[in-house]
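Colleague: Got a sequence here, can you build the structure:
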Amino acid sequence: MTNLGISDSPVENSDNEFLGLGKYAIALAEFTRDCQTPMTIALQGDWGSGKTSLMNLIKAELQDKYTIVWFNTWQYSQFGMQNELSLNLISCFMDKLGTAQNDKEIVNRLKQGLSLAGSAALGFMSGLGGVVGGAALAASKVADALTEPNNNNGYDASKDIAALKEKLQEQVNAALAKGDSNSRIVVFIDDLDRLEPAKAVELLESFKLFLDLRGCVFILACDYQVVSLGLKAKLGADIHELKGKSFFDKIIQLPFKMPVTQYDVDKYISNLLSTININATEAEIDLYSELIEHSIGFNPRNLKRVFNCLLLLTLVAQKADVFIETGSKTGADISTMQRILFACICMQSAYEPLYNHISRNLSEELLQSLKKAETYDNADLKRAFEGTAYDVQQLVNFMEFFCEVASNGAKDLSLLRALLAFSSVTTTASDAPQAREIGFDMELRRSNNRITKHLASYLPKTCLEFFDKTKAKTSTWQPRGSMMSLLSIAICSEQKPFGVMHLWQTPQSDHKKTFYIVLVGAKDRDKINDILNAQFANYADIKQNQLFEYNNNMYNNNTDGLKIYHEVLPDDMPEVERQKRIEFVAMAILNALVKI
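Modeller: Purely as a prediction, here's the structure:
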């Protein structure tokens, strides 16, 4: 396998275009050819929605017939040139038209004037003491320095601005005179929305000041929300939305919103799957599509990222025999496991708090409840989503398809549990549930640790008589690289019917979630047995699990241990329920032992 992964490079031509942008590119190219000038077209959309790809397709339709100028604003802004961005654009434009060097002296003078004005503005801004809006006021000072005659530096920029605009129109006219009657210059300006919002607004303003030229069509890639943020930074936070739209409308004659909802999604997904060597039926592609629609949305950049995650997990699974081992235990084929992994990745990317909550508390009851809107009023879920905006109905819709993919006729949740843990390697969360190796459940280790630490602080507050009488102290321990966890309750009073009570949580044989309680150094085992039997008689659901087993070498150091309780819990029992169960048993035993 060569050339692994899916690059985020924009589409260069129609041969590699799978979103269905071709028809829009042809229509926009036709408009560009025949429209009146000057004309400014704005391709609007979120980051990664395909704006640069659409510009490339339009350029491919036009480049053999017209003069093309391409300007990447973000590229210039990354090399300390952002303060001269407008003038760099003009300089690039003049270079493309073949402007003589001496005719570009006006631009150089303006750059020098901007540099001086920028120094003055920097001094002004530093005196603001970090007041919000200081950057915008500084930008305003720069603009004033360029447009007001007789400024502090004795340089009258207004004359050079007028002369520059006249010179630009002359150069455009000369270039157009060489072509046919319908000749024009097409200027593409990309990545405006990657600039600081205030800089993006500044550049848009310069269009009206310098580049409102007959015979020219400007095609911009931008995000209206970035422009709105820039206006708020420059004009104040209280700017009305209508004013932002009015500013935009004065500069843009043709707005075009990226047709994300009209993309040929199935074709695009099919191509992405094919790129990472996954063959899928139409029905399977529909499931991929539904998962995407209700999670990350049809943003090409986001899609490439999640399919790259799927490719990486597939490669790791193949190297570590995850698919073979998990498949042999559950009967699932590779295609099924890849779909479940993809569903986990979508949840991880769009709803990370939900992903973590399900990973820690997975149960059939939980999954079914998450398909109901009222579930999201639950206090635990509200805490999980704290600080995160989410659409409940979107979550419900996603969970419908997630459960459909995850169940896949399985008799239990073992397959989903294994793949949830495995998928954690692609999450950005530092505390996400994660599997360290095949057979090692990192989340169970963390869960056991959380429960143990909770018990260490909770039991002394609830079993007051026992801790007051025995002066017992709690401590916790978890061996490195192990899923087990230990709570020790050491008696510190002189009267010691036993020395330490150990509560172990540890996987045993085929059961992942089991716990047992051992008394170390018990002096009167028969009395302990009688008291506990009497106590257990009051709890029907505890009595059937009781186990009295004495071992004088339980800890491999000749230390005697009396195992007084042992219970295997369901593997799919959520952490909260498991914690309550262990609390209940531990409290019953401590309240009985205090009678000794």
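
Colleague: Is it correct that Asn529 falls within a helix?
Modeller: Yes: per DSSP: H, G, I helix; E, B strand; the rest coil, Asn529 lies within a helix segment.

Colleague: what's the neighbour count on it?
Modeller: Look at Asn529: counted by other Cβ atoms under 10 Å, it has 16 neighbours. (C-beta placed from N, C-alpha, C; glycine too.)

Colleague: repeat for Pro479
Modeller: There are 11 residues near Pro479, going by other Cβ under 10 Å.

Colleague: can I assume it sits in a strand?
Modeller: No: applying three-state DSSP, one finds Pro479 to be coil, outside a strand.

Colleague: Quick check: which ranges of the stretch 201-350 of the chain have low pLDDT?
Modeller: Low-confidence segments of the stretch 201-350 of the chain, defined by pLDDT under 70: 210-211, 233-244.

Colleague: Tell me which residue lies nearest the centroid of this protein.
Modeller: In the chain, the residue lying closest to the centroid (Cα atoms, centre = their mean) is Ser349, at 4.8 Å.

Colleague: Tell me how far that one lies from Asp8.
Modeller: For Ser349, the distance to Asp8 equals 15 Å [Cβ to Cβ, to the nearest Å].

Colleague: do the same with Phe31
Modeller: Distance, Phe31 to Asp8, by Cβ to Cβ: 28 Å.

Colleague: Tell me if the residue nearest to the centre of the chain really is in a helix.
Modeller: Yes: counting by three-state DSSP, one finds Ser349 located in a helix.

Colleague: That one contacts Val306, doesn't it?
Modeller: Yes: with contacts counted by Cβ atoms under 8 Å, Ser349 reaches Val306, the gap being 5.8 Å.

Colleague: Overlap of the contact sets of these two?
Modeller: Taking Cβ atoms under 8 Å, 6 or more residues apart in numbering as the criterion, Ser349 and Val306 both touch Ile296.

Colleague: First residue to last residue on stretch 207-223, what's the distance there?
Modeller: Counting by Cα to Cα, to the nearest Å, you get 17 Å between the two ends of stretch 207-223.

Colleague: List the buried residues in it.
Modeller: By 16 or more other Cβ atoms under 10 Å, the buried positions in stretch 207-223 come out as 207, 210-213, 215-223.

Colleague: show me where pLDDT drops low in the stretch 51-200 of the chain?
Modeller: Those would be 76-84, 99-158, 179-182, if you go by pLDDT under 70 across the stretch 51-200 of the chain.

Colleague: those helices in it, which residues are they?
Modeller: Along the stretch 51-200 of the chain, counting by DSSP state H, counting those that start in this stretch, helices occupy 51-62, 73-77, 85-96, 105-126, 134-147, 157-177, 197-210.

Colleague: Other residues contacting the first one?
Modeller: Contacting residues not belonging to helix 51-62 are listed as 10-14, 17, 19, 21-22, 24-26, 28-29, 32-33, 43-45, 68, 70, 186, 188, 190-191, 219, 221-222, 258, 300 [Cβ under 8 Å, 6+ apart].

Colleague: Just the buried residues of those.
Modeller: Those of those that meet the buried threshold are 10-11, 17, 19, 21-22, 24-25, 28-29, 32, 43-45, 70, 186, 188, 190-191, 219, 221-222, 258, 300, by 16+ other Cβ under 10 Å.

Colleague: which ones among the contacts of helix 51-62 are found in strands?
Modeller: Leu43, Gln44, Ile68, Trp70, Val186, Phe188, Asp190, Ile219, Ala221, Cys222 (DSSP state E).

Colleague: mind putting those in a markdown table, distance to Leu503 included?
Modeller: Converted to a markdown table, the ones in strands among the contacts of helix 51-62 look like this (distance: Cβ to Cβ, whole Å):
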| residue | distance to Leu503 |
| --- | --- |
| Leu43 | 63 |
| Gln44 | 60 |
| Ile68 | 74 |
| Trp70 | 68 |
| Val186 | 75 |
| Phe188 | 68 |
| Asp190 | 62 |
| Ile219 | 69 |
| Ala221 | 61 |
| Cys222 | 61 |
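
Colleague: distance of Val306 from Ala490?
Modeller: 50 Å.

Colleague: should've said Asp321
Modeller: From Asp321 across to Ala490, the span is 44 Å (Cβ to Cβ).

Colleague: Looking at these two, which has the bigger crowd around it?
Modeller: Per other Cβ under 10 Å, whichever of Asp321 and Ala490 has more neighbours is Ala490, with 17 against 12.

Colleague: what's the nearest residue to the more buried one if we skip its chain neighbours?
Modeller: Once flanking residues are discounted, Ala490 sits nearest to Val500: 4.8 Å by Cβ to Cβ, 6 or more residues apart in numbering.

Colleague: Quickly list what the one you found is bridged to.
Modeller: Beta bridges link Val500 to Ala490, Val520, judged by DSSP bridges.

Colleague: which residues touch it?
Modeller: Ser488, Ile489, Ala490, Ile491, Leu519, Val520, Gly521.

Colleague: again with Gly230
Modeller: Taking Cβ under 8 Å, 6+ apart as the test, what Gly230 contacts is Glu196, Pro197, Ala198, Lys199, Ala200, Val201, Glu202.

Colleague: what's the helix or strand for it?
Modeller: Using DSSP states H and E, Gly230 maps to helix 224-235.

Colleague: Then Lys453?
Modeller: Assigned by DSSP H and E, Lys453 falls within helix 442-462.

Colleague: by contact count, what packs against that helix?
Modeller: helix 352-361, strand 473-477, strand 485-490, strand 500-505, helix 575-593 (3 or more Cβ pairs under 8 Å, 6 or more residues apart in numbering; DSSP states H and E).

Colleague: possible to save the ones you listed as TSV with mean pLDDT and distance to Met55?
Modeller: Output for the helices and strands packed on helix 442-462, formatted as TSV (pLDDT from 0 to 100; distance: least, Cβ to Cβ, whole Å):
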stretch	mean pLDDT	distance to Met55
helix 352-361	86	33
strand 473-477	89	59
strand 485-490	90	57
strand 500-505	88	58
helix 575-593	89	50
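
Colleague: Let's have the ones you listed in TSV, adding distance to Asn529.
Modeller: As requested, the helices and strands packed on helix 442-462 are exported to TSV (distance: least, Cβ to Cβ, whole Å):
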stretch	distance to Asn529
helix 352-361	36
strand 473-477	24
strand 485-490	19
strand 500-505	15
helix 575-593	11
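
Colleague: where does the stretch 401-550 of the chain have low pLDDT?
Modeller: 408-411, 427-442, 480-481, 495, 508-510, 538-550.

Colleague: Quick check: Ser335 vs Thr281, distance?
Modeller: Per Cβ to Cβ, Ser335 is found 9 Å from Thr281.
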